[in-house]
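>>> Quick one: sequence and predicted model below, then my questions.
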Amino acid sequence: MASSLPLIVLLLCCVGLAHSYLTVSNLRAQNLRLTKYSKPDGYVKVYYGSIFMGQTSFVRGNRDPSWPQSFNYYSAKLGGRLTVKVYDKNAVFDDYLGGCTTVIFKRGIYSGWCNLSTGGTLYLTYSFI
């Protein structure tokens, strides 16, 4: 009877290759739109597919905010979608300022930007290792 050890090793290797580490960092925006009453109080929500990776802190009264937080997800896969959304914090309902989605197509470190639907630009860096 043959040993099942080679099969177990092969399965463990495949599991290790199927999932990778996704990190999103260096989030910043420029020229966020002004509201009727004030400058925006911006924050960002980060998603991998439908999985909520986290939310930045609020930056009050700043059209050009940057956020120091980084977000990590261990079980990312090639072909997965990274979505980043920018909001303006309000007392009752937060305003959606825009966002972007990118498909993770290969391993590496990438910096990018997207124009927000209400004006302004979002910049970010992500690594897929």
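That came through fine.
>>> Find the residue ranges of this structure scoring beneath the pLDDT cut-off.
Applying pLDDT under 70 to the chain flags residues 1-18.
>>> can you give me the strands for it?
20-30, 42-48, 51-55, 66-67, 71-76, 81-88, 95-103, 108-115, 121-128 (DSSP state E).
>>> neighbouring strands for the third one, and are they parallel or not?
Taking DSSP bridges as the criterion, strand 51-55 sits next to strand 42-48 (antiparallel) in its sheet.
>>> Which of the strands of the chain has the highest mean neighbour count?
Highest mean neighbour count of the strands of the chain: strand 42-48, a mean of 23 (counted as mean count of other Cβ atoms under 10 Å). Where you see a C-beta, it was placed from the backbone N, CA and C, and this is true even at glycine.
>>> At the geometric centre of the protein, which residue do we find?
Val46 (3.9 Å; Cα atoms, centre = their mean).
>>> export the strands of the chain to a markdown table and tack on distance to Lys36?
Below are the strands of the chain laid out as a markdown table (distance: least, Cβ to Cβ, whole Å):
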| stretch | distance to Lys36 |
| --- | --- |
| strand 20-30 | 19 |
| strand 42-48 | 16 |
| strand 51-55 | 25 |
| strand 66-67 | 25 |
| strand 71-76 | 32 |
| strand 81-88 | 12 |
| strand 95-103 | 11 |
| strand 108-115 | 22 |
| strand 121-128 | 22 |
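>>> on that earlier part again, now do the same contact list for the residue nearest to the centre of the chain.
Val24, Phe52, Met53, Gly54, Gln55, Phe71, Leu82, Thr83, Val84 (Cβ atoms under 8 Å, 6 or more residues apart in numbering).
>>> Let me have those residues in a markdown table, adding distance to Asp94 as columns.
Supplementary listing: the contacts of Val46 in a markdown table, determined by distance: Cβ to Cβ, whole Å:
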| residue | distance to Asp94 |
| --- | --- |
| Val24 | 20 |
| Phe52 | 15 |
| Met53 | 18 |
| Gly54 | 16 |
| Gln55 | 11 |
| Phe71 | 19 |
| Leu82 | 21 |
| Thr83 | 16 |
| Val84 | 15 |
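>>> Now the two most distant members of those residues.
By the measure Cβ to Cβ, Gln55 and Leu82 form the most distant pair in these, at 14.9 Å.
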